[in-house]
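*Asks:* Give me coordinates for this.
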Amino acid sequence: MARLEQRFWEGSGRSGLSRKDRAGGAYSVYVPDPLAGRQFVFEGSAVADMSDAERAIRDLDARSSALADTEALARLLLRAESVASSKIEGLVVGARRLLRADAARASGGHQVDVTAADVLGNIDAMAYALQMVKEGTEITLPLLLGVHRQLLAATELHAYAGQIRTVQNWIGGSSYNPCSAVFVPPPPNLVEPLLLDLCAFCSDDSLPPVAQAAVAHAQFENIHPFVDGNGRVGRALIHMIFRRRGLTQRVTPPVSLVLATRARDYLEGLRATAYVGAPGGQPAVEGTNRWLGTFAGACTRAAADAMGFEERIARIQDGWRDRVHPVRSDSAAMRLIDVLPGAPVITIAAAAKLINRTIQATMLGVQRLADAKILTPVEQRQRKQIFEARDIIDVFTALERQLASPAGDTKTEPPTRPVPLRQR
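*Replies:* Sure thing, here's the model as predicted:
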């Protein structure tokens with residue numbers, strides 16, 4: 001039975017703190033119900049919402065090409081997912097800036113954009129989580145700890161990487177005591193058993209995949225098992241479950257970007273899952289279904305916006321083909337048009353590998369696209385010219401801005417969180 005346990009915090013005599021921060025007092029820790037083997041009651045509206053979400057995600061995964069995994073634009077979505085809950089939250093590293101840094105890193109150039117390099121590290125960590133999970137992969141505690149280790153290994157908190165917390169943490173209130181906190185997760189001695197139960201739940205196929213991802217994410221956030229990085233691992237867990245259940249194989253739908261846009265609904269939905277009482281009681285059923293509706297709606301919106309992006313990319317490519325006509329369908333220029341949506345910032349060497357052509361043939365293709373104003377030379381790195389397809393980057397920027405607007409259009413309803421500026 002989920003419960004609140006009363007604890008007492010000893011006051012601190014530390015100088016330089018306010019009276020409130022030095023004070024001790026009573027506080028309550030939340031201990032959630034285990035998930036493995038639990039019976040859930042889903043309301044009809046929640047079932048319909050989850051069905052819509054699953055269908056939308058499967059359709060996106062089947063029809064996508066520009067957002068296919070391992071390509072640059074998939075990494076841009078991972079960037080946005082990673083930044084949303086990291087220590088660098090609020091830093092706006094736009095698509096163009098990140099793609100240039102990624103291209104420079106791939107070509108062996110010296111990384112001068114420190115902020116972009118930090119974001120690329122976060123992308124690498126999120127990508128690691130997805131690479132470790134295939135359809136049917138069991139989600140284990142060592143796997144979760146490995147994801148966390150990847151997240152913190154290169155940070156100032158590397159000593160805590162891959163380590164379950166041994167101290168009490170909390171959300172909101174004072175930084176020095178939990179007495180005025182908004183939420184206090186379970187005490188350290190209960191964290192590992194709850195994580196083991198969560199992993200057992202994540203490796204079961206009893207629930208629909210959207211429901212399983214929603215419940216698992218909420219439980220992870222309620223456990224809050226790490227000193228830092230809980231948000232990023234919790235978001236990665238959503239996509240790990242989608243991947244494990246076969247819902248996604250090629251695309252990472254930007255679910256957490258929509259949740260970040262609907263921050264109030266997101267937080268209220270999570271808090272509704274922190275019920276007190278029996279798992280079959282009214283607070284548990286109502287709270288779980290409220291969260292499922294919020295989560296499923298975010299999934300459906302994320303998939304729809306991403307599919308709209310795919311359709312805009314296809315129109316851009318059709319326009320490009322008209323601009324370079326006439327050329328052979330198997331020419332380097334046409335092959336570049338096929339692959340540029342997945343790699344909108346390239347060097348000649350990188351482009352040659354993508355289209356499996358010689359350096360000389362690729363140079364001619366790039367020049368043809370540059371003459372047609374499809375590619376633009378932007379900077380020189382160690383004798384390696386970098387080119388960018390601005391149309392693709394601008395459309396991605398528009399997608400990120402669209403996802404940040406509750407109405408799906410920043411012209412009618414402004415973004416609710418930091419986003420790159422609109423391109424002219």
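
*Asks:* now Arg301, nearest residue through space, not along the chain?
*Replies:* The spatially closest residue to Arg301, leaving aside those adjacent along the chain, is Val258, at 4.9 Å (Cβ to Cβ, 6 or more residues apart in numbering). For every residue, glycine as well, the C-beta is placed using N, CA and C.

*Asks:* How about Ala153?
*Replies:* Ala161 (4.9 Å).

*Asks:* Any chance of the backbone angles for the one you found?
*Replies:* Taking degrees, to the nearest 10, you get phi -60, psi 130 for the backbone angles of Ala161.

*Asks:* Look at it and say how many residues are nearby.
*Replies:* Taking other Cβ atoms under 10 Å as the criterion, the count of residues near Ala161 is 20.

*Asks:* Thought Gly146 was touching it, still the case?
*Replies:* No. The criterion here is Cβ atoms under 8 Å, and Ala161 misses it with Gly146 at 9.8 Å.

*Asks:* Now for the protein, the helix or strand with the poorest mean pLDDT.
*Replies:* The element with the least model confidence among the helices and strands of the chain, by mean pLDDT, DSSP states H and E, is helix 72-83, at a mean of 54.

*Asks:* residues in contact with the nearest residue to Pro406 once chain neighbours are set aside?
*Replies:* Leaving aside its sequence neighbours, Pro406 sits nearest to Glu413 (Cβ to Cβ, 6+ apart; 5.5 Å). Residues touching Glu413, when contacts are defined by Cβ atoms under 8 Å, 6 or more residues apart in numbering, comprise 405-407.

*Asks:* State the distance from Glu413 to Arg368.
*Replies:* Taking Cβ to Cβ, to the nearest Å as the measure, Glu413 and Arg368 are separated by 41 Å.

*Asks:* So Pro253: helix, strand or coil?
*Replies:* Secondary structure assignment for Pro253 (DSSP: H, G, I helix; E, B strand; the rest coil): coil.

*Asks:* who are the neighbours in contact with the residue lying closest to it once chain neighbours are set aside?
*Replies:* Nearest residue to Pro253, sequence neighbours excluded (Cβ to Cβ, 6+ apart): Ala302, at 4.5 Å. Contact analysis of Ala302 by Cβ under 8 Å, 6+ apart lists 253-255, 257-258, 403.

*Asks:* Secondary structure element for Ala302, which one?
*Replies:* Assigning secondary structure by DSSP states H and E places Ala302 in helix 282-324.

*Asks:* mind showing which ranges of the stretch 1-150 of the chain have poor pLDDT?
*Replies:* Applying pLDDT under 70 to the stretch 1-150 of the chain picks out residues 66, 68-124.
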